[in-house]
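[1] coordinates for the following, if possible.
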Amino acid sequence: MKLRAQNQVLKKGVVDEQANSASLKEQLKMKDQSLRKLQQEMDSLTFRNQQLAKRVELLQDELSLSETRGKKNKKSAESSSQLSQEQKSVFNEDLQKKIEENERLHILYFEADEQHKRLEAELRTKLEVLESDAAQHQAVVDSLTRKYTDTIEKLQNDKSKLEIKSQTLEREAKDCRLRTEECQQQLKNLQAALGSRLEESLCIINEKVPFNDTRSNRYNALNVPLHNRRYQLKLRDLAGQALSFVQEIVTALLNFHTYTEQKVQIFPIDSATDTISPLNQKFSQYLHENALYVRPLEEGMLQLFESITEDTVTVLETAVKLKAFSEHLASYLCFLRKILPYQLKSLEEECESSLCTAALKARNMELHRDMKRLTAIFEKLHTYVSLLALPSTKPEGLLRTNYSLVFTNIAASLHGSHDILKDISKHYSQKATLEQDVPTATQKLVTTNDCILSSILSLTNGVGKIASFFSNNLDHFTSSLSYGPKGGTEFISPLSAECMLQYKKKAVAYMKSLKKPCADSVPYEEALANRRVLLSSTESREGLAQQVQQSLEKIAKLEQEKEHWMLEAQLAKIKLEKENQKLKNSLSGHLAETVQERSVLSNTAEQKEETTEKSQREPIKTTSLIGMLTITTDNEKVPDVESREDLIKKHYMARIAELTSHLQLADSKSVHFHAECRALAKRLSLAEKSKESLTEELKLASQSISRLQDELMTTKRSYEDQLSMMSDHLCSMNETLTKQREEIDTLKMTSKGNSKKNKTR
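    Modelled structure (predicted):
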């Protein structure tokens, strides 16, 4: 709408400019006509002036003739002199009038000419400005029309898209209405079912449950509460931060007391050159024991931090270690009370010394007041910390409503101690600068003062950090003060909390016993790499399944062969035992028959020779597990049957092993080649898919290139048309200008011709 309004305004402006240009053209024509009239008048005046000049010349000629004639006839001249003088005076008057009129006309002509030139220049400049404005307006109009056409096309496209979207949204709305109706029906059914179940459960509760302990807070406090692990983790984090702040404060306190001890030893009296006062000796002795009272603060806070874990319940009723920290703080407070009188007396003694100036006395008295305030604020802090430790030992010692008040007072005490420490650091820095100006000040005193000042600054920073930390987390400390069963408002007692933790530990142990350890997972990057390998290498699923199947078949065959060879081994073992038994029997019989053999030896010698000859001629048949073998022996001994079978068995076993190794090698090669073929096939399919995608992208790119070329051609044609139109417009303007110039020239020529005709007349 804004663009349309702007377009209408620009159109009105263009129309107004066109009207102004037309009126200016008419004014130019009127001015040209007036110029022509003035030129004609000027020409007529010049012609009249020329006539008068000729007449004046004629009159002068006549006057000269009359003068010459007057010389010839003076007498006649005297008579006619009166007439000639009268005529001459008349002619002179007429000539003077004509000259004046001619000057006036010259002035008018010059003014008219200057005015005409000025008007012509102004009109030309106006015409050029108007033409440039018109061109600019036309360019703006063209650009706006193009822009409006583009926006109209875009809006039409958006309109069509929105119409399509509205149709889809209407369909979706119809579907949603149907779904809502179905959901409402289901909700009604569920409400009816739940109502019936609620009635049944209420009836069962009223009939079967004689006692409901959740109605009474006193009985509900005996139930085991839920465990808030997030609260425990938050509290452990806060305890860790508090531990770091306490450690920083402890180190600062140790440094402060140690360097204060050194300061007492060297100022106002140096112990290396002279003996210090008994008061300062006692004070330095007490300060030397500062670690015994300061270190337990860190240990107590560390024990409190270690007692807070995610498996425990940490509230004021169960924070038993808070009592130990309170006791350590009480011992440190006793230490401060013990050293406070000595510290104050030491400052007073320093003020009484001759080296102390008035300004230094004022700073010492300010530190005197600050030390009293610091001890008082530590007493206040210890009071509130001891109150927080009461619920863990005596739950009735502190009411629940006073917890938030105690926490806010602790925060206020910490902020007050921070302010006091800032005052101490300020006053001590002034004191140190004044002590440097003392004549007996040594470098050791200066360094000790710097160390004390740095320890006070670190103590101030540590107390400020813990004060801001306590103030920022005050809401968390005061919000979750109690821990009890769901719906209960009573505090949980330490005994019930301990029982609940025991039950929780038993449940965790039981769940851990049920839970089996999971296998180590593969990292994500390694899994991606394995997936790529699985897709493009030989470890595809089908190939692995075939390998598993083949390996299972091989295992079955090998099991069968194993059973077969186990049976063969058992049979061979039995045969070996039989042969050993036969050998034993033959040895025992051989010993008994040696005597008989000697007696019969002579009788059987001949028979043996005959039998040996027969045996040499007849073949011997031997049978074994492998088969039957016939051997003819000529004066040779029969080989052992068992050794022959062993040799054959070894030969065939070696042959079988060799063949099995070849077979396994061939199987592995075939599986490898098959897997490689499958991988190559998969790679080929992936390459074909990538080729198809690349061809589609190439088609899209070619289409986009052709579309861009068409757009370029259309824009080029539009620009060429615009340039041609502009050139035609310029040609037409040039033609009009030439025509106007020709008309002006013709008018000038006609005016000159008319002036010449008038002159000839």
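[2] now the helices: where do they sit in the stretch 1-150 of the chain?
    With helices called from DSSP state H, counting those that start in this stretch, the stretch 1-150 of the chain shows them at 2-72, 74-208.
[3] out of the ones you listed, which gets nearest to Leu243?
    helix 74-208 (49.6 Å; C-beta to C-beta). To be clear about C-beta, it is placed using only N, CA and C from the backbone, and glycine gets the same treatment.
[4] relative to helix 2-72, how tilted is that closest one?
    170 degrees (axes from the mean of the first three to the mean of the last three C-alpha atoms, to 10 degrees).
[5] against which helices or strands is helix 74-208 packed?
    helix 2-72 (3 or more C-beta pairs under 8 Å, 6 or more residues apart in numbering; DSSP states H and E).
[6] try 10 Å this time
    Under the contact criterion of 3 or more C-beta pairs under 10 Å, 6 or more residues apart in numbering; DSSP states H and E, helix 74-208 touches helix 2-72, helix 641-760.
[7] can you give me the mean pLDDT across it?
    Averaged across helix 74-208, pLDDT comes to 81.
[8] quick one, that helix and helix 641-760 angle?
    Using the same axes, to 10 degrees: helix 74-208 against helix 641-760 is 150 degrees.
[9] pull the distance from helix 74-208 to the chain's centre.
    From the chain centre to the centre of helix 74-208 is a distance of 48 Å (C-alpha atoms, centre = their mean, to the nearest Å).
[10] rewinding a little: tell me which of the helices of the stretch 1-150 of the chain sits most buried.
    Mean neighbour count (mean count of other C-beta atoms under 10 Å) peaks for helix 2-72 among the helices of the stretch 1-150 of the chain, with a mean of 13.
[11] distance from it to the middle of the chain?
    Counting by C-alpha atoms, centre = their mean, helix 2-72 comes out at 82 Å from the chain centroid.
[12] tally up the residues packed near the residue lying closest to Leu398 once chain neighbours are set aside, please.
    Closest residue to Leu398 apart from its sequence neighbours, by C-beta to C-beta, 6 or more residues apart in numbering: Leu390 at 4.6 Å. Residues lying near Leu390 (other C-beta atoms under 10 Å) number 18.
[13] isn't Leu390 right up against Leu316?
    Yes - look at Leu390 against Leu316 with C-beta atoms under 10 Å: they come within range, at 8.2 Å.
[14] overlap in contacts, those two.
    322, 398, 406 (C-beta atoms under 10 Å, 6 or more residues apart in numbering).
[15] quickly find the element holding the last one.
    So that's Val406. helix 403-436 (DSSP states H and E).
[16] other SSEs contacting that helix?
    Helix 403-436 packs on helix 229-266, helix 321-352, helix 358-393, helix 443-472, helix 474-479, going by 3+ C-beta pairs under 10 Å, 6+ apart.
[17] mind checking how far the shortest one is from the chain centre?
    Read that as helix 474-479. The answer for helix 474-479 is 33 Å, by C-alpha atoms, centre = their mean.
[18] so what does it touch, helix or strand wise?
    helix 229-266, helix 403-436.
[19] if we use 8 Å, what do you get?
    Packing contacts for helix 474-479, counted by 3+ C-beta pairs under 8 Å, 6+ apart, involve helix 403-436.
[20] can you check the second one too?
    Using 3+ C-beta pairs under 8 Å, 6+ apart as the contact definition, the elements that helix 321-352 packs against are helix 278-288, helix 291-307, helix 358-393.
[21] the helices and strands packed on helix 403-436: which one's closest to Met301?
    So among those, helix 229-266 is nearest, using C-beta to C-beta, at 4.5 Å.
[22] what residues of the closest one count as buried?
    Of all the residues in helix 229-266, those buried under the rule 16 or more other C-beta atoms under 10 Å are 231-232, 235-236, 238-239, 242-246, 248-266.
[23] nearest spatial neighbour of Leu329, skipping sequence neighbours?
    Closest residue in space to Leu329, ignoring its immediate chain neighbours: His382 at 5.1 Å, by C-beta to C-beta, 6+ apart.
[24] need the pLDDT of that neighbour.
    Reported pLDDT for His382: 88.
[25] tell me, how many residues neighbour Leu684?
    Leu684 is flanked by 10 other residues according to other C-beta under 10 Å.
[26] Leu35 reaches His116, doesn't it?
    Yes - using C-beta atoms under 8 Å, Leu35 is in contact with His116, at 5.0 Å.
[27] returning to what we had before: including distance to Asn402, could the helices and strands packed on helix 403-436 go into TSV?
    Converted to TSV, the helices and strands packed on helix 403-436 look like this (distance: least, C-beta to C-beta, whole Å):
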stretch	distance to Asn402
helix 229-266	21
helix 321-352	16
helix 358-393	8
helix 443-472	17
helix 474-479	11
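[28] so which of these gets nearest Ser551?
    Nearest to Ser551, of all the helices and strands packed on helix 403-436, is helix 229-266, at 49.8 Å by C-beta to C-beta.
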